[in-house]
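[1] pasting the structure only:
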């Protein structure tokens, strides 16, 4: 058993957390992380710590944002260490103008970190609601609409930012969609599932950036989850066909480099989807994915031969 380092007071997670400056909080979180945040699991009042961490969810400091704050929230939420009222209050913070929609529409600014890391915490809260039922139907449906808006209006598609760490807006959006798809109020509803999947797949169809950081793999996960939760294979096939049609339609509107970027993003996604479908019992969707991949890459005989 790991020993708690000196300086971590098990009883100290109270209102004094709100008085910490960023440096002090970072040091404390480092100490906690050194023992896998184990002291948090024995605490009874962690919401003050959550309030202290909330302004740092989108910090441009990658260690503070990703390794410390996000991991602490993961332990707290995933282990059901907050009351239902506290979870509702945390949700209100996550979706406010300083977090999920902070700077929405901007590109190449640090506000992206607030949005994308709020998406990850939102995913945790949605999964917590599946266990604890603290949101209510109206809130879940409002989150569906908010998530669709957030994804559709997101303009900063960067994956990794040198000196800042992961932004990963598409990957984190996929994670949030995956969590919501499995929610009891969304699962089984063809309309909800298709709307969520459509807005997510539209982010793959971009010529503005080449996805280099596993965005295709992360997006495949909610696609398969949507089918597992009731979306028909035919509806997914229709979405894939629209993606390929979008590549064709854009050919005369983009530069060669832009069109090639768009084509490659869609091709990589279809390739990843096909590879993952081999482990699932969706023969029709697997064949349809291969057909769309062939339609997109007719001149790439080597790649077609590989997948045949």
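    Yep, that arrived. This one's a predicted model, so the numbers in the text were calculated from it and none came from an experiment. Residues are numbered from 1 along each chain as shown.
[2] drop to CA atoms for contacts and neighbour counts, all remaining ones
    OK.
[3] quick one, what contacts residue 178?
    Residues near residue 178 by C-alpha atoms under 8 Å, 6 or more residues apart in numbering: 221-222, 225-226.
[4] pLDDT weak spots in this structure?
    1-19, 299-308 (pLDDT under 70).
[5] Next, name the residue at the spatial heart of it.
    residue 172 (2.0 Å; C-alpha atoms, centre = their mean).
[6] Residue 115 is in contact with that one, correct?
    No: contact criterion C-alpha atoms under 8 Å: residue 172 and residue 115 do not qualify, at 9.4 Å.
[7] Out of the contacts of residue 178, grab the one that's most surrounded.
    residue 226 (29 neighbours; other C-alpha atoms under 10 Å).
[8] Pretty sure that residue sits against residue 192.
    No: using C-alpha under 8 Å as the test, residue 226 is too far from residue 192 to be in contact (9.8 Å).
[9] Backbone dihedrals for residue 160, both of them.
    Main-chain torsions, residue 160, degrees, to the nearest 10: phi -120, psi 140.
[10] Near residue 21, how many other residues are there?
    So residue 21, with other C-alpha under 10 Å, has 10 neighbours.
[11] again but with residue 163, I slipped
    9.
[12] pretty sure it is in a helix, no?
    No: read with DSSP: H, G, I helix; E, B strand; the rest coil, residue 163 is coil and lies in no helix.
[13] check contacts around it.
    Residue 163 neighbours (C-alpha under 8 Å, 6+ apart): residue 62.
[14] Could you do the one 3 residues further on as well?
    Counting by C-alpha under 8 Å, 6+ apart, residue 166 makes contact with 62, 113, 159-160.
[15] Can you tell me the element residue 220 falls in?
    Under the criterion of DSSP states H and E, residue 220 resides in helix 215-228.
[16] and that helix, what does it pack onto?
    helix 169-181, helix 190-204, helix 233-249, helix 256-277 (3 or more C-alpha pairs under 8 Å, 6 or more residues apart in numbering; DSSP states H and E).
[17] Go through the contacts of residue 178 and say which is closest to residue 177.
    Distance to residue 177 across the contacts of residue 178 (C-alpha to C-alpha) is lowest for residue 222, with 6.4 Å.
[18] Residue 217 contacts residue 269, correct?
    Yes: between residue 217 and residue 269 a contact is recorded at 7.1 Å, counting by C-alpha under 8 Å.
[19] Quick one: residues contacting the closest residue to residue 174 other than its chain neighbours.
    Excluding the flanking residues, the one nearest residue 174 by C-alpha to C-alpha, 6 or more residues apart in numbering is residue 219, at 5.2 Å. By C-alpha under 8 Å, 6+ apart, the contact set of residue 219 is 170-171, 174-175, 200-201, 269.
[20] Any chance of JSON lines for those residues, columns neighbour count and distance to residue 25?
    Putting the contacts of residue 219 into JSON lines (neighbours: other C-alpha atoms under 10 Å; distance: C-alpha to C-alpha, whole Å) gives the following:
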{"residue": "170", "neighbour count": "27", "distance to residue 25": "29"}
{"residue": "171", "neighbour count": "24", "distance to residue 25": "28"}
{"residue": "174", "neighbour count": "29", "distance to residue 25": "30"}
{"residue": "175", "neighbour count": "21", "distance to residue 25": "27"}
{"residue": "200", "neighbour count": "23", "distance to residue 25": "35"}
{"residue": "201", "neighbour count": "22", "distance to residue 25": "38"}
{"residue": "269", "neighbour count": "25", "distance to residue 25": "40"}
